[in-house]
Structures are given as structure tokens and as C-alpha cells.
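**Student:** pasting the structure only:
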């Protein structure tokens with residue numbers, strides 16, 4: 001494909017939006033959902049209504065962006081002005097200068113320059129989950145070993161194994177994958193993962209959701225404890241209550257807590273110092 005046709009196809013792809021959801025409709029849908037679900041005054045509710053609302057939250061409010069870089073991989077250089085390393089046994093939460101967010105896993109490290117807001121290049125050793133602020137003018141690039149992940153606004157994980165195998169899992173949006181020395185590009189969709197190791201690249205599906213099908217509410221609280229490092233305290237009478245819900249594995253914790261609160265007519269308190277959530 002010549003450059004003119006390539007640019008035209010990219011322009012069409014970027015301007016393409018779902019016909020069933022305009023930006024104004026998404027905003028109106030969210031405002032309506034938020035006012036009903038998280039209202040100050042509690043009311044008895046049908047849990048299945050909020051299961052549907054959660055689906056709207058998880059599947060409709062998804063940003064997208066693809067960036068095609070014509071520059072050779074060798075020219076991309078990450079400045080080493082800022083180095084953040086996680087030497088603890090828990091996830092470290094980081095907010096970058098452009099307001100993008102990172103959950104840095106234990107024994108992992110990121111590096112980026114002082115001019116990051118204008119030159120959004122970041123290098124990672126280890127594993128991290130990225131939630132990138134959309135910025136068409138400044139693509140966000142993550143360098144890991146010989147791979148480059150390029151995005152404009154999305155959420156994904158990048159993981160490098162001890163065997164120098166890199167895995168990128170996409171949760172929302174779109175990303176383009178490049179490998180040093182290779183002309184081929186790989187475009188990922190939500191629910192797909194890219195793996196590169198031993199000079200071989202592959203794309204496969206992975207499960208980005210966790211499903212609770214008529215399970216005890218205590219099972220959800222256990223999931224929160226294991227994946228968000230917050231202790232959950234539930235009233236005894238609610239421990240065996242049943243719940244059916246699908247949760248994005250990288251969903252914001254407060255969204256999950258608020259949803260449970262409304263579904264079961266409970267108040268909650270989050271103690272950041274103790275890393276504890278108490279329902280009552």
C-alpha cells in the first residue's frame with residue numbers, strides 16, 4: 001500500500017465511530033446511569049438492573065486510538081531523567097505528568113524524560129498496567145526489550161518475563177505493536193494479547209473479565225482482597241447473599257464498591273491508611 005492510500009485508510013479508521021453511540025449519547029447515558037446508581041439517597045433496587053448498568057459501564061465507555069509511526073525503531077530513545085522502581089511486594093500506583101496512570105508491579109521499573117507531557121515515551125522493565133490519557137497530538141509509546149507499544153488513549157498491560165518474552169494484553173481501545181528490525185505491524189483489539197520471544201511474534205485472545213454467576217457475595221470480596229490489596233468487611237447477613245456480575249479485571253475499585261453498595265442497600269467506608277473497605 002502506497003503512503004497516500006495508507007494515510008487515507010488511517011484517516012478513515014481514526015474518524016470511524018460506532019453508529020449506535022454518539023459522543024453526546026455516551027455522555028447522556030453515563031450521566032443518567034451515574035445519577036441513578038450512585039445517588040446520595042439510597043433506595044431498594046433490583047440487582048439485575050445494576051448488572052445491566054455495569055455492562056454499559058464496561059462495554060460502552062471505551063476509548064480508542066491507533067497511532068502509526070513511520071520512524072525507524074532505532075530512532076526512538078527514552079530519556080532517563082525520571083526512574084521509578086517498585087521494590088515492595090505490593091502494586092505501586094503512579095500518575096504521570098500527562099495524567100496517565102500506571103499500576104507498577106513488584107520488582108518492576110519505569111523510566112521517562114522530564115518533557116514527558118510533550119514526548120510521551122516510557123521504558124519498562126518488569127510488568128505494569130497502563131491507563132493512558134487520550135492525546136492525538138502526542139502518542140504514548142511503551143518500550144520493553146525489543147518491542148514498542150504505541151497508543152493514543154487506552155488501557156493495557158506490558159509484561160517482560162525472565163526469558164525476555166514480552167506480553168501485551170489489551171483491555172480497552174487499540175494499540176499498534178512494533179518489533180525492532182521488523183517491518184510488520186500488529187494492531188490489537190480489546191481482549192487480544194501480543195507475545196514476542198525468540199524472534200517470534202503471535203497474537204491470541206485472553207479473558208479480560210471475571211464472571212461471578214450466582215456466587216456468594218463473599219467471593220467478590222475475596223477477589224477484591226486478592227487483586228486490589230484491600231481487606232473487605234461485610235455484614236454477616238450479607239456474606240452468603242448471591243450475586244451475578246461481570247467485572248473488567250482492571251475495573252476501578254471504587255466503581256465495584258459503589259455498585260455492590262447500591263445493589264445490596266449498604267453504606268461503605270474506604271480507609272486508605274488501613275487499605276480496608278467496610279460495608280454496613
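**Tutor:** All right, it came through fine. No experiment lies behind these values; they were computed from the predicted model shown.

**Student:** So for stretch 254-266, what gets flagged as buried?
**Tutor:** For stretch 254-266, the buried set under the neighbour-count rule, 16 or more other Cβ atoms under 10 Å, comprises 255, 256, 257, 258, 259, 260, 261, 262, 263, 264, 266. Every residue, glycine included, has its C-beta placed from N, CA and C.

**Student:** Now render those as TSV, adding secondary structure and pLDDT.
**Tutor:** Below are the buried residues of stretch 254-266 laid out as TSV (DSSP: H, G, I helix; E, B strand; the rest coil; pLDDT from 0 to 100):
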residue	secondary structure	pLDDT
255	helix	90
256	helix	92
257	helix	93
258	helix	91
259	helix	90
260	helix	91
261	helix	91
262	helix	90
263	helix	89
264	coil	91
266	coil	93
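
**Student:** Can you add distance to residue 219 and give these back as a markdown table?
**Tutor:** What follows is those, written out as a markdown table (distance: Cβ to Cβ, whole Å):
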| residue | distance to residue 219 |
| --- | --- |
| 255 | 18 |
| 256 | 13 |
| 257 | 15 |
| 258 | 19 |
| 259 | 15 |
| 260 | 12 |
| 261 | 17 |
| 262 | 19 |
| 263 | 14 |
| 264 | 14 |
| 266 | 16 |
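
**Student:** quick one: which of these is nearest residue 134?
**Tutor:** Using Cβ to Cβ, residue 255 is the member of the buried residues of stretch 254-266 that sits closest to residue 134, with 19.3 Å.

**Student:** Return the distance of that closest one relative to residue 137.
**Tutor:** Residue 255 sits 29 Å away from residue 137, going by Cβ to Cβ, to the nearest Å.

**Student:** repeat for residue 80
**Tutor:** Per Cβ to Cβ, residue 80 is found 24 Å from residue 137.

**Student:** got it, and residue 196?
**Tutor:** Distance from residue 196 to residue 137, by Cβ to Cβ: 28 Å.

**Student:** So for those two, which sits in the more crowded spot?
**Tutor:** The neighbour count for residue 196 versus residue 137, taken as other Cβ atoms under 10 Å, is higher for residue 196 (23 against 6).

**Student:** Show the pLDDT at the more buried one.
**Tutor:** In this prediction, residue 196 carries a pLDDT score of 96.

**Student:** and it, what does it touch?
**Tutor:** Contact analysis of residue 196 by Cβ atoms under 8 Å, 6 or more residues apart in numbering lists 145, 146, 147, 165, 166, 177, 179, 202.

**Student:** and the gap between it and residue 152?
**Tutor:** Counting by Cβ to Cβ, the gap from residue 196 to residue 152 is 22 Å.

**Student:** returning to what we had before: just put the contacts of residue 196 in JSON lines and tack on neighbour count.
**Tutor:** Converted to JSON lines, the contacts of residue 196 look like this (neighbours: other Cβ atoms under 10 Å):
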{"residue": "145", "neighbour count": "18"}
{"residue": "146", "neighbour count": "16"}
{"residue": "147", "neighbour count": "24"}
{"residue": "165", "neighbour count": "14"}
{"residue": "166", "neighbour count": "21"}
{"residue": "177", "neighbour count": "22"}
{"residue": "179", "neighbour count": "20"}
{"residue": "202", "neighbour count": "10"}
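
**Student:** mind giving me JSON lines with those and columns for pLDDT?
**Tutor:** Shown next, in JSON lines, are the contacts of residue 196 (pLDDT from 0 to 100):
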{"residue": "145", "pLDDT": "91"}
{"residue": "146", "pLDDT": "92"}
{"residue": "147", "pLDDT": "94"}
{"residue": "165", "pLDDT": "94"}
{"residue": "166", "pLDDT": "96"}
{"residue": "177", "pLDDT": "95"}
{"residue": "179", "pLDDT": "95"}
{"residue": "202", "pLDDT": "96"}
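
**Student:** Just the ones of those in strands?
**Tutor:** Judged by DSSP state E, these include 147, 166, 177, 179, 202 as members of strands.
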